[in-house]
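Visitor: here are the coordinates; sequence isn't available:
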């Protein structure tokens, strides 16, 4: 029996957005930790460590997120680790975020001028101290805009978790649409909810980019 689209269905979609936000937050935090390790490994003077990190990043970036979700979900089930869609989605998105954030942050570390590395070495700092005291603070400022920009993509990417049965916003939309058969209304509301979630982050990313450009302009002017 087809139901009417009412406030109850709207509220169900809004509640489902909580899981989209929570899944994004878990993947971003976990991916941030993994991405930091990968970024440090990518710039490591030890060749094998850098090569392993690069291989992982290339594999993840070279395969669709949808396939990664399938592999983690069904692979974990076959290994009897978990058959829970929530855990599988969180793990797959964490690995996905780790690879992309690792590469973003690797680029930001290498964007720090070589003179800064040379100055750190001139102070007789060891490699770990060079990174922690000189390079990483400068790289962090460069990394803020692209990191926030990637968070927008990650939030939208959570919609693919519906394919393995995780009930986030997109999955809830399918359930509501099957009950009400009002696809235009349902998916228009879902699109609006995604926009409400992503738009502030996009504004923040643009603001950070402008601040970074202004800071760079002031630095160049001061040096001149």
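Guide: All right, it came through fine. Predicted model only: the values in this text are computed from it and were never measured.
Visitor: residue contacts, residue 72?
Guide: 88, 91-92, 95 (CB atoms under 8 Å, 6 or more residues apart in numbering). For glycine as for every other residue, the C-beta is placed from the backbone atoms N, C-alpha and C.
Visitor: Of those residues, which is the nearest to residue 156?
Guide: Proximity of those to residue 156 (CB to CB) peaks at residue 92, which lies at 15.1 Å.
Visitor: want to try JSON lines for the contacts of residue 72, with secondary structure as columns?
Guide: Formatted as JSON lines, these follow (DSSP: H, G, I helix; E, B strand; the rest coil):
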{"residue": "88", "secondary structure": "helix"}
{"residue": "91", "secondary structure": "helix"}
{"residue": "92", "secondary structure": "helix"}
{"residue": "95", "secondary structure": "helix"}
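Visitor: For those residues, pick the one with the most neighbours.
Guide: Neighbour counts for those peak at residue 92, which has 27 neighbours (criterion: other CB atoms under 10 Å).
Visitor: Now it. Nearest residue, chain neighbours left out?
Guide: residue 72 (4.1 Å; CB to CB, 6 or more residues apart in numbering).
Visitor: pLDDT averaged over whichever strand or helix holds the one you found, what's the number?
Guide: Take DSSP states H and E as the rule and residue 72 turns out to sit in helix 65-78. The average pLDDT within helix 65-78 is 89.
Visitor: which residue ranges form the helices in the chain?
Guide: Along the chain, the segments classed as helices by DSSP state H run 7-42, 47-61, 65-78, 85-111, 114-122, 127-129, 136-157, 169-180, 183-223.
Visitor: For residue 62, the count of nearby residues, please.
Guide: By the criterion of other CB under 10 Å, residue 62 has 8 neighbours.
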